[in-house]
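Colleague: prediction below, plus the sequence it came from.
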Protein chains: 2
Amino acid sequence: MNAVHHHDHDQGAKLSRNQSQILSCLRKAGEPLSAYTILDRVRVSGISHPPTVYRALNELMQKGMVHRLQTRSAFIACGHGACDGKFAFAICRQCQKVVEIPLSDEDQTALLAFSPEEIDAEQVTLELAGVCQQCRPRAAV
Amino acid sequence: MNAVHHHDHDQGAKLSRNQSQILSCLRKAGEPLSAYTILDRVRVSGISHPPTVYRALNELMQKGMVHRLQTRSAFIACGHGACDGKFAFAICRQCQKVVEIPLSDEDQTALLAFSPEEIDAEQVTLELAGVCQQCRPRAAV
DNA sequence: CTCCTCTTGTTATGTTATATCATCGCCTAT
DNA sequence: ATAGGCGATGATATAACATAACAAGAGGAG
């Protein structure tokens, strides 16, 4: 085994040094970060080149521990640790807060059903944008 | 009126010279193009800088005549001309073919309903990836 | 003619992502 | 022990995508 051994909340996954660094950076952040923002924050740990960050992110995404927000070109730690679930995302336009929405098998089936016969869809990307409660202008209260 | 007058199939919208160039480029292509691919193709028409392309694309998107595919960083002409509809997209991973999926009000409502109370979602981005009939490996035929 | 405004041109730069090759450290088989 | 394999990492360079900021043209209104 070539991965670093440690006793974090990594739920059984074996992560390499860089993967751990970058995952914990994302977890600390608690919000989506761009790859280059991650790079800035892990520079102190000795990571200093974009490919290093993208490599780790891709591996973490494969493991289901990180998700990519397509509408933001940003990455966020999975709130469920390592899991093979599928998610949609709701994103606040103002504060960037992200809510992970687990998609049940039925949800996925329903979403894939939007596809015409012509294309046999397998993969869903669903992102919702709006304004969260904190950022919402209060009218009458 | 400051837009170019012409008798294309532009369905009543008044498009500027650059907007027309770029829209017809996208229509000819019939597939999603990156902004820089568009730039290459309209260079012959005298357009030679990225901002010119992005400006026209943004204006065309506002008019609903062009859509952006977030999962591809690409742009495609709306198959419905000028319209204020909302769409999902199904995309073939192999040949890049795109099918525009009109979303009814009910569809949109259903999709926005995925959002938790916490976030008041207004905007849907739904893209489905798969393989189209032509590209699909035939098993028994 | 002059001002205003819309459109376009141009330069420069910022941001996101990947291809490619070099190196390191560890394990294992001989 | 040491050579070779292999996964992880380091490093350089560049590709691909996008926008900020300012200059300049063309045409209409007054």
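Modeller: Okay, I see it.
Colleague: point out where chain A drops to low pLDDT.
Modeller: A:1-13, A:138-141 (pLDDT under 70).
Colleague: what about stretch A:55-65, distance to the chain center?
Modeller: Centre-to-centre, stretch A:55-65 and its host chain are 9 Å apart (CA atoms, centre = their mean, to the nearest Å).
Colleague: again but with stretch A:92-106, I slipped
Modeller: 10 Å.
Colleague: buried set for that stretch?
Modeller: A:92, A:96-101, A:103 (16 or more other CB atoms under 10 Å in any protein chain shown). In short, each C-beta sits where N, CA and C put it, glycine included.
Colleague: can you list contacts of that stretch?
Modeller: Outside stretch A:92-106, the residues that touch it by CB atoms under 8 Å, 6 or more residues apart in numbering or on different chains are A:31-32, A:67, A:69, A:72, A:76, A:78-80, A:85-91, A:111, A:124, A:126, A:129-132, A:134-135, B:114-116, B:118-119.
Colleague: the residues you listed in strands, which ones?
Modeller: In strands, defined here by DSSP state E, the members of these are A:67, A:69, A:76, A:86-91, A:124, A:126, A:129-132, B:119.
Colleague: may I ask which of these has the most neighbours?
Modeller: A:I91 (27 neighbours; other CB atoms under 10 Å in any protein chain shown).
Colleague: quick one: that one and DNA strand C, what's the gap?
Modeller: 14 Å (CB to the nearest atom of the strand, to the nearest Å).
Colleague: so that residue makes contact with A:V131?
Modeller: No: A:I91 lies out of contact with A:V131 (CB atoms under 8 Å); the separation is 9.9 Å.
Colleague: tell me who's in contact with the residue nearest the centre of chain A.
Modeller: Nearest to the mean C-alpha position of chain A, counting by CA atoms, centre = their mean, stands A:H67 at 2.3 Å. Neighbouring residues of A:H67 by CB under 8 Å, 6+ apart: A:61, A:75-76, A:78, A:87, A:89, A:100.
Colleague: next step: the buried residues of stretch A:92-106 restricted to strands.
Modeller: A:92, A:98-101, A:103.
Colleague: closest to A:I38 among the residues you listed?
Modeller: Closest approach between these and A:I38, by CB to CB: A:V98, at 15.4 Å.
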